[in-house]
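S.K.: The following block contains a protein sequence and its predicted model.
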Amino acid sequence: MTSFILTRLVQSVLVVLAMSLVLFVAVWLIGNPVDVLISSEASEADRLATMKALGLDLPLWQQYLAFLGDAVRGDWGTSFVTKEPVAQVLLSRLPASVELALVAFVIAVSVSIPAGLYAGLKPESPGAKAIMGFSLIGVSIPTFWQGMLLIVVFALVLPIFPVGDRGEVATHFGITTSLWTADGWSHVFLPAFSLALLKMSLLIRVTRAATMEVASLDYVKYAYAKGVRSRRVVGVHILRTALLPLVTVIGIETGNLLAYGVITETVFSWPGLGKLLINSVKVLDRPMIVAQLSYTAVLFVAINFIVDVLYTMIDPRVKALIGRSR
C-alpha cells in the first residue's frame with residue numbers, strides 16, 4: 001500500500017509538471033499582453049520597455065523556467081493589470097468559490113444518491129420515472145440558461161433570493177465565510193443550486209445504473225433469500241459496491257465544482273475564481289491565467305490521487321490486486 005501511494009505521488013508530480021508546461025505554452029499562444037496593457041498609439045520603444053519590465057522579452061523556455069522556480073517557492077508572479085501578487089488575489093477569491101462548490105456538492109450528493117438508489121431499486125415505479133425525467137431535464141438544459149431562468153423566477157418574479165456578491169460575511173472559529181450568516185445563505189443558495197443541477201442529474205443516473213447492476217448479482221439475491229433485512233442488504237451489500245463508480249464520478253465532479261464554476265459565477269456575478277478567470281482572459285493577464293489553470297491542474301491530479309486511495313479502502317479486491325503486483 002505504501003509503495004502504491006509513493007508511486008502515485010511521483011506520477012502525480014510528473015503529470016503536474018507536464019500540464020504546467022502545456023498550459024504555459026497555450027497561454028503564450030493566446031496573444032501578447034502588451035497589446036492590451038498599453039495604448040495602440042504607444043511607440044515601439046515603449047512597447048519594448050513594457051515587455052522587458054514584464055519579462056516578456058526572454059525566450060519562452062526561460063520564462064517557463066522562471067515561472068516554475070518561483071512557483072516552487074510559492075511565488076506565482078504579479079498581475080500585469082492590478083500589480084498585486086497573484087497568490088494574494090487567488091486566495092482572496094478562493095473562499096467564495098469554495099463556499100459555492102461546498103453548498104452545491106452537499107445539494108447534489110444529498111439529493112442524487114437517495115434518488116438514484118430508489119430509482120435503481122424500483123425502476124418501474126412512477127417515482128423512479130419522475131426522477132429519471134428530472135435527471136434528463138437537468139442534463140439537457142445549458143448551465144447559463146438554467147441560471148438565468150432561476151434568476152428570473154426566484155430573484156425577479158418571486159424576489160426570494162438576492163443575486164450578486166456573497167452577502168454578509170462573519171468569522172467564527174477562525175474561519176471567515178458567508179455561510180455563518182442567514183444573509184450569506186440567501187446569496188449562495190441560488191447559484192449553488194444552479195451549479196448542482198447538472199451534477200445532480202449525472203449522479204442520479206450513475207447511482208441508478210450502479211444500483212441496478214449490483215442488485216442483480218447473485219450474492220444480493222442470496223442475502224434476500226436468507227431473510228436479511230432489506231435495509232441491511234441495501235446499505236451493506238448494494239450501496240457499498242455501488243459506491244465504487246460513484247467515488248470516481250463524485251471526485252471528478254468535485255473538481256469541476258471548484259474549478260469550472262465559470263459560467264455560474266459569471267451569470268450570478270459571484271466573486272469567485274471563475275469570474276476572475278473570465279476577467280483575466282479579457283485583458284490577457286498571463287500570470288493570473290497561468291496560475292489559475294495550474295491550480296486547476298493540481299486540483300484534478302490531487303482528486304484523482306485521493307480517488308485511487310479511496311478505491312483501495314472501499315474495494316478489498318483492489319487492495320489484493322495491488323498486493324499481488326508488488
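M.R.: Structure received.

S.K.: Next, the contact list for residue 145, please.
M.R.: Not one residue lies near residue 145 by Cβ atoms under 8 Å, 6 or more residues apart in numbering. (Each C-beta comes from the backbone N, C-alpha and C, glycine too.)

S.K.: Any buried residues in the one helix or strand it maps to, and which?
M.R.: Taking DSSP states H and E as the definition, residue 145 sits inside helix 143-151. Neighbour counts using 16 or more other Cβ atoms under 10 Å place 143, 146-147, 150-151 of helix 143-151 among the buried residues.

S.K.: again with stretch 161-176
M.R.: Neighbour-count burial for stretch 161-176 flags 161, 163, 166-167, 169 (criterion: 16+ other Cβ under 10 Å).

S.K.: can you pull out the helices in the stretch 1-150 of the chain?
M.R.: Remark: helices assigned in the stretch 1-150 of the chain by DSSP state H, counting those that start in this stretch are 2-30, 34-37, 44-53, 60-72, 86-121, 126-140, 143-151.

S.K.: Low-confidence ranges, the stretch 51-200 of the chain, go.
M.R.: Along the stretch 51-200 of the chain, the model assigns pLDDT under 70 to no residue.

S.K.: Now do the helices in the stretch 201-326 of the chain.
M.R.: Along the stretch 201-326 of the chain, counting by DSSP H, counting those that start in this stretch, helices occupy 218-225, 230-232, 239-259, 262-267, 273-282, 286-314, 316-325.

S.K.: Just name the most buried of those helices.
M.R.: Counting by mean count of other Cβ atoms under 10 Å, helix 262-267 has the highest mean neighbour count of these, with a mean of 21.

S.K.: Just the CA trace of that one, in PDB.
M.R.: Extracted as PDB, the C-alpha positions of helix 262-267 are listed here (Å, rounded to 0.1, in the frame of the first residue of the first chain):
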ATOM      1  CA  VAL A 262     -17.000  29.900 -14.500                       C
ATOM      2  CA  ILE A 263     -20.500  30.100 -16.200                       C
ATOM      3  CA  THR A 264     -22.400  30.100 -12.900                       C
ATOM      4  CA  GLU A 265     -20.200  32.700 -11.200                       C
ATOM      5  CA  THR A 266     -20.500  34.900 -14.300                       C
ATOM      6  CA  VAL A 267     -24.200  34.600 -14.600                       C
END
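
S.K.: now the helix holding residue 145: how far from the chain's centre is it?
M.R.: Centroid separation between helix 143-151 and its chain, computed with Cα atoms, centre = their mean, to the nearest Å, is 19 Å.

S.K.: Just the CA atoms of that helix, as CSV, please.
M.R.: In CSV, the C-alpha atoms belonging to helix 143-151 read as follows (Å, rounded to 0.1, in the frame of the first residue of the first chain):
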residue,chain,number,x,y,z
THR,A,143,-26.0,25.9,-17.4
PHE,A,144,-26.2,29.5,-18.4
TRP,A,145,-29.8,29.2,-19.5
GLN,A,146,-30.9,27.5,-16.3
GLY,A,147,-29.0,30.1,-14.3
MET,A,148,-30.8,33.0,-16.0
LEU,A,149,-34.1,31.2,-15.6
LEU,A,150,-33.6,30.8,-11.9
ILE,A,151,-32.7,34.5,-11.6
